[in-house]
Each structure stands twice: as structure tokens, then as C-alpha cells.
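Peer 1: Could you look at this predicted model? Sequence included:
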Amino acid sequence: MSESHAEFYERWSAMARPYFAWQFAQFRPFIGRRVADIGCGLGSFVEHFLAAGVAAYFGVEPDPELRARFSRQHRDGRVRLTSTADATSPLLAEELRAAGIDTTFSVNVLEHIERDDLALRRMIEGTKKSGHICLLVPAHPFLYGTLDALDGHYRRYTKASLRELVAKAGGDQVEWVELRHFNALAVFGWFLKGRVLKEKTQANENYALMNAALPVVSRLESVIHPPFGLSLVAVLRRK
């Protein structure tokens, strides 16, 4: 019997924990007290937010099975799911504003949403003034291949296209804090597997190799921001 989407996600999340920690570290200086995690899945970042001392964590997840598993796995009183699961809905912005969200966090989510401009608009609208919107999205359209299709990606971004998206979603309401590439080493493997070999599965050994390389790669990128990378790290401040 093949595993369900939620079962695959749970297995993948367990293997990718060191990578999640590295992703979270990119945004740690901008994390406030009341956080919305857009597309939270099973809550892979919950432990990092709690360790950072957040007072309240609100997860936004559209998948019913993932929502159910999230609720079973996270019992801390600071952690809850929002009532509104649709990241493009105006109701989400209202719910985030009512919750006093000062940090909206979205890692590898916008590429899965056809109307990414609406989703980003809700994030901006739902964040308090002087709060931050923290984004990580896949970079370089030339990398789009079978692995992106497998993951349900509509697109990959450039710095220019992400700036255009922010302007469309509500650029007059935010200012740029940071925009840079992230995880340069993974570009070569992603291109080989997705564009050259055209693989249609994510093998377990991919994560073992990634985890083994992380200590070296993370140290290098903490000193020198690479000119290219598998992803883009973006931080906006709400005016």
C-alpha cells in the first residue's frame, strides 16, 4: 500500500529536521512574539519558535489530514491552528490582525499557490505595523524540472520577480529588509536530478547527503552570501 501525502510529509519532515533548523536560523533575528506560520504542514518549525520564546504561534494549513495530525502532535498552550485555512482569503488577514501577529513566516509555500499575490497580500495585511514578513521561496526558473512538478510548484522566482510580486501584493505597505540567495550547493543536485535525469521521486539518500553537508555549507554561507542558491530568503517590514 502506497503512503498517503501526510505520511510522506511526516517521513520527509523527520529526515529534514537539520535543514529546517538552518532555514529557521535565516529569520531568527526578525522573529517577534506572536507568529503566523503560513503553510505550516505538520509544524516542522514549531519547536524552533517555542525555543525562540514566542508567546503565541498560529499555524495556517489547508490540508485537512495535515491539520488533524498537527492538532494531535502539538499540545503546547501557545500553539494553535487558525480557523481560516485558505491563505488567499481576506478572512485570514482579519484573523491574523485580531491575533496581533507581529511576524508572518512562510517557507516554501508561495510557489504552491496559483494566486501567490493574494496569499502575500493577506500576509502583509495581517501583520502589525513594524512587524516582519519572512519568506523563503525556490529560486531560478531555469531549475524548474521534474522535482518541482512532483512538489506541486507553479513557479520558481528570481529576485526581480519576487520584487514585482511584493509590489503587486502591497508594496506600498512594506519596506525591504533583506533579499538574498540561500543554499548554493543544492543547486547542482537539483539541476541534475530535475532537469538532466528527470527523476520523479525524492530518494531518502538525498536527505542524508544534505544533512551531511549542512555543517560546512551553513558555516560558509554565514560568512559569504552566495550569488546564487536553491532558494531566496526575503524579509519585509510592515510600514
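Peer 2: Arrived safely, thanks for sending. Numbers count the residues shown, from 1 in each chain.
Peer 1: the longest helix in the chain is where?
Peer 2: If you go by DSSP state H, the chain has its longest helix at helix 204-223.
Peer 1: report the angle between the axes of the least confident helix or strand in the chain by mean pLDDT and helix 204-223?
Peer 2: Scoring the helices and strands of the chain by mean pLDDT, DSSP states H and E places helix 5-15 at the bottom, with a mean of 76. Here helix 5-15 runs at an angle of 50 degrees relative to helix 204-223 (axes from the mean of the first three to the mean of the last three Cα atoms, to 10 degrees).
Peer 1: Tell me which residues of the longest helix of the chain come out buried.
Peer 2: 206, 207, 210, 214, 217, 218, 221 (16 or more other Cβ atoms under 10 Å). For every residue, glycine as well, the C-beta is placed using N, CA and C.
Peer 1: and that helix, what does it pack onto?
Peer 2: On a contact count with 3 or more Cβ pairs under 8 Å, 6 or more residues apart in numbering; DSSP states H and E, helix 204-223 meets helix 5-15, helix 17-25, helix 186-191.
Peer 1: Let's see that with 10 Å instead.
Peer 2: Using 3 or more Cβ pairs under 10 Å, 6 or more residues apart in numbering; DSSP states H and E, the elements in contact with helix 204-223 are helix 5-15, helix 17-25, strand 174-182, helix 186-191.
Peer 1: and it, how far from the chain's centre?
Peer 2: The chain centre lies 18 Å from the centre of helix 204-223; the measure is Cα atoms, centre = their mean, to the nearest Å.
Peer 1: tell me how far the very next helix or strand once past that helix is from the chain's mean position?
Peer 2: Toward the C-terminus, helix 204-223 is succeeded by strand 231-238 as the next helix or strand (DSSP states H and E). What separates the centre of strand 231-238 from the centre of its chain is 11 Å, taken as Cα atoms, centre = their mean.
Peer 1: what does stretch 187-203 give?
Peer 2: 21 Å.
Peer 1: Stretch 155-163 now?
Peer 2: 15 Å.
Peer 1: List the contacts of it.
Peer 2: Among residues not part of stretch 155-163, those counted as contacts by Cβ atoms under 10 Å, 6 or more residues apart in numbering are 110-114, 116, 120, 135, 137-145, 148, 164-165, 171, 176, 179-181, 190, 230-232, 234.
Peer 1: on that earlier part again, got the angle for the longest helix of the chain vs strand 174-182?
Peer 2: 120 degrees.
Peer 1: Other residues contacting helix 204-223?
Peer 2: Taking Cβ under 10 Å, 6+ apart as the rule, helix 204-223 contacts 11-12, 14-19, 21-22, 25-26, 147, 180-186, 189-190, 193, 199, 203, 226, 229.
Peer 1: If any of those are buried, put those into a PyMOL selection.
Peer 2: Buried residues among the contacts of helix 204-223 (16+ other Cβ under 10 Å), as a PyMOL selection:
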select buried, resi 12+16+19+21+22+26+147+180+181+182+183+184+185+186+190+193+199+226+229
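Peer 1: Fine by me, we can end here.
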